[in-house]
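Trainee: curious how this folds, go ahead:
(chains A, B, C and D)
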Protein chains: 2
Amino acid sequence: MNVHDTGRVILPDFLKSCERCPARFGGVCDNIDLDALAALNRLAHHRTYEAGQVIFSESEQPDFFANILSGAVKLTKSLADGRQQIVGLQFPPDFLGRAFGQSHACFAEAATRVELCCYPADAFQALLQKYPDLEHRLLEKTLDELDAAREWMVLLGRKTAREKVASFLMLLARRTNKAACPACAEESSITFTIPLKRADIADYLGLTIETVSRQITHLRHEGIIETGAAGEVFVPDIAALQAAAGQTEGA
Amino acid sequence: MNVHDTGRVILPDFLKSCERCPARFGGVCDNIDLDALAALNRLAHHRTYEAGQVIFSESEQPDFFANILSGAVKLTKSLADGRQQIVGLQFPPDFLGRAFGQSHACFAEAATRVELCCYPADAFQALLQKYPDLEHRLLEKTLDELDAAREWMVLLGRKTAREKVASFLMLLARRTNKAACPACAEESSITFTIPLKRADIADYLGLTIETVSRQITHLRHEGIIETGAAGEVFVPDIAALQAAAGQTEGA
DNA sequence: CGGGTCATTGAACCATATCAAGTCCTGTGG
DNA sequence: CCACAGGACTTGATATGGTTCAATGACCCG
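Mentor: Just a heads-up that it's a prediction; the model follows:
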């Protein structure tokens, strides 16, 4: 993960729209020089997708890249017979799209209502070339995603259903609150909302919806989580959930 | 994947040692400007590891990065109780190491005898800053690895044991021969050697050694592969193996 | 109230794990 | 040349976690 130090910089007036941007800290546009930011700003246009809408599809040539401003995006890949796997779940301030590729190699779909800050593909790639700072940020973010993907490979290959579900809840606890409130990382309890249907969770964890449902029920009976309406989850003791998730040795 | 166009450039004398390097095409040092290449060349020193030797370990701060010149490297992560998952299998001309990180987030071990072309970490990162070309190449390679990791997530989460083993063999067929002979991609049959023990294959595929063994036997009985001594595999009809591997929709 | 989607629960089944021999290969020493 | 020891792999029998199939329940919206 990256240290953000642009917070100190006061943006000039014409970058007002970036000042309060949810992707301001941690996005590709964070911690780059002002010229680059200004150029990006000129390129940007916002777009909104409703839950379930396709953002781009596999094998389609990228025509734009984007920062996620709000909501959650599923990246999925499927086998010829329809089996699906979610290969990435993205939240603000993640970057969306595969630079320098013939195609995004996967399918992106809004899991909830999603707001994006979009850049036309060609122009963005030109900026990457012009501003090494920007390319550096993209590299950092790509490396972080690679780390996350590998962490998930451990989950998919070696964890039990219970550990998978617990890990998924831990991920949400971390991702959906870090942005909102970096300080509350210290809290020992937490509340958040699951932005996915059971079918999506199953596709993310390499399980079936029935197994996901059973494991959630099981965690509830154990007192590790409490559930409310509309996918609300309360975790009284994060450490207990963490333990149920099984830890990777390094961490 | 990237197009290599440096082939046309004739290297000056003092870069002789790079001229015949197995990482010359496709490595981080491919397709960068001559100054950058010369700087890398000055930094580089070769190192050899025997099969089974640890190259670096998780949580250790990176002190060098490297190109793989020959052999195969396993990147593994494990859970606290010892369950293991191989999260990356690297061949020439792959890049080894996590730039800009507090730690490599995984454990690297030589799967076979391995030759590396190593760069001291600090100096290499300084070059990344100095030569955007080089950083660009690293970004491209990182993006390719992310694609590969996601492809593998589909395998881990959604493929059957038979498909997993067939996919693994396809991977070897592609990786161990592409470098050696780009042209033979067109052949319909192929021979290669499995550079891993059953235990490693199992850790790569999220299976047990017994299951791996049974599936290999099964593929042999079906006539999809023939096996010789020392892990040699002959695939009479690549398309048949490809079919057994299950295809991801886009491909 | 009725029809749809989504989630939960139960029962039976099956793919893969687990446990336990056995076999093959290779190198070593007599 | 044979005996044999150890590791890697294979094969078999059994167990089980997770899937599959089927029914039911909860909620929403018109």
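Trainee: for the helix or strand encompassing residue A:169, buried residues please.
Mentor: Taking DSSP states H and E as the definition, residue A:169 sits inside helix A:161-178. Within helix A:161-178, the residues that count as buried by 16 or more other Cβ atoms under 10 Å in any protein chain shown are A:161-173, A:175-177. The way it works is simple: take the backbone N, C-alpha and C, and place the C-beta from them, glycine included.
Trainee: ok now that helix, how far from the chain's centre?
Mentor: Its chain's C-alpha centre and that of helix A:161-178 lie 12 Å apart, by Cα atoms, centre = their mean, to the nearest Å.
Trainee: what's the answer for stretch A:126-138, then?
Mentor: Distance, centroid of stretch A:126-138 to centroid of chain: 22 Å (Cα atoms, centre = their mean).
Trainee: now residue A:190: how far from residue B:202?
Mentor: Residue A:190 sits 36 Å away from residue B:202, taking Cβ to Cβ, to the nearest Å as the criterion.
Trainee: could you identify the helix or strand that succeeds the helix holding residue A:169?
Mentor: Heading C-terminal from helix A:161-178, the first helix or strand you meet, by DSSP H and E, is strand A:190-193.
Trainee: what's the average pLDDT for the helix or strand that that following strand is followed by?
Mentor: As assigned by DSSP H and E, the chain's next helix or strand after strand A:190-193 is helix A:198-205. The average pLDDT for helix A:198-205 rounds to 98.
Trainee: now the angle from helix A:198-205 to helix A:161-178?
Mentor: 100 degrees (axes from the mean of the first three to the mean of the last three Cα atoms, to 10 degrees).
Trainee: just checking, what packs against the helix or strand following helix A:198-205?
Mentor: Remark: after helix A:198-205, the chain's next helix or strand is helix A:209-221, criterion DSSP H and E. Judged by 3 or more Cβ pairs under 8 Å, 6 or more residues apart in numbering or on different chains; DSSP states H and E, the packing partners of helix A:209-221 are helix A:161-178, helix A:198-205, strand A:226-227.
Trainee: mind checking which of these is nearest chain B?
Mentor: helix A:198-205 (7.4 Å; Cβ to the nearest Cβ).
Trainee: what's that closest one in contact with?
Mentor: A:74, A:76, A:84-86, A:89, A:111, A:155-156, A:161, A:164-165, A:168, A:194, A:196, A:207-209, A:211-213, B:157 (Cβ atoms under 8 Å, 6 or more residues apart in numbering or on different chains).
Trainee: and the closest residue to residue A:226 other than its chain neighbours, what are its bridge partners?
Mentor: Spatially, and ignoring its direct neighbours in sequence, residue A:226 is nearest to residue A:234 (4.4 Å; Cβ to Cβ, 6 or more residues apart in numbering or on different chains). Judged by DSSP bridges, the bridge partners of residue A:234 are residue A:191, residue A:226.
Trainee: now the helices and strands packed on helix A:209-221 in a markdown table, with distance to DNA strand C?
Mentor: Listed next are those as a markdown table, based on distance: least, Cβ to the nearest atom of the strand, whole Å:
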| stretch | distance to DNA strand C |
| --- | --- |
| helix A:161-178 | 10 |
| helix A:198-205 | 3 |
| strand A:226-227 | 7 |
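Trainee: quick one: distance of whichever helix in chain A runs longest to the chain centre.
Mentor: Longest helix of chain A, by residue count under DSSP state H: helix A:132-158. With Cα atoms, centre = their mean as the basis, helix A:132-158 stands 11 Å off its chain's centre.
Trainee: the residue most central in space within chain A and residue B:71, how far apart?
Mentor: In chain A, the C-alpha nearest the mean C-alpha coordinate belongs to residue A:90, at 2.0 Å (Cα atoms, centre = their mean). Residue A:90 sits 35 Å away from residue B:71, going by Cβ to Cβ.
Trainee: equivalent analysis for residue A:201, please.
Mentor: Distance from residue A:201 to residue B:71, by Cβ to Cβ: 40 Å.
Trainee: same question, residue A:113
Mentor: Applying Cβ to Cβ to residue A:113 and residue B:71 gives a distance of 49 Å.
Trainee: comparing the two, which residue is more hemmed in?
Mentor: Using other Cβ atoms under 10 Å in any protein chain shown, the more surrounded residue of residue A:113 and residue B:71 is residue B:71, with 20 against 15.
Trainee: the more buried one: what's it in contact with?
Mentor: B:49, B:91, B:92, B:110, B:111, B:112, B:113, B:114, B:115, B:195.
Trainee: verify the stated contact: the first one with residue B:112.
Mentor: In this case it means residue B:49. No. In this structure residue B:49 lies outside contact range of residue B:112 using Cβ atoms under 8 Å: 9.3 Å.
Trainee: now for the helices and strands packed on helix A:209-221, which one comes closest to DNA strand D?
Mentor: helix A:161-178 (3.5 Å; Cβ to the nearest atom of the strand).
Trainee: between the closest one and helix A:209-221, how many degrees?
Mentor: Going by the same axes, to 10 degrees, helix A:161-178 makes 70 degrees with helix A:209-221.
Trainee: which of the helices or strands spans residue A:69?
Mentor: Judged by DSSP H and E, residue A:69 forms part of strand A:64-70.
Trainee: what's the angle from the longest helix of chain A to strand A:64-70?
Mentor: Going by the same axes, to 10 degrees, helix A:132-158 makes 70 degrees with strand A:64-70.
Trainee: residues from the stretch 1-150 of chain A in reach of chain B?
Mentor: Selection of the stretch 1-150 of chain A residues close to chain B by Cβ under 8 Å from any Cβ of the partner chain yields A:58-59, A:75, A:77-81, A:83-85, A:87-88, A:98-101, A:103, A:105-106, A:128-129, A:132, A:135-136, A:138-140, A:142-143, A:145-147, A:149-150.
Trainee: at 6 Å what do you get?
Mentor: Within reach of chain B by Cβ under 6 Å from any Cβ of the partner chain, the stretch 1-150 of chain A has these residues: A:58-59, A:77-80, A:83, A:85, A:87, A:100, A:105, A:132, A:139-140, A:142-143, A:145-147, A:149-150.
Trainee: which among those residues end up buried?
Mentor: The buried subset of the residues of the stretch 1-150 of chain A next to chain B - by 16+ other Cβ under 10 Å - is A:58, A:77-79, A:83, A:85, A:87, A:105, A:132, A:139-140, A:142-143, A:145-147, A:149-150.
Trainee: appreciated, that's everything.
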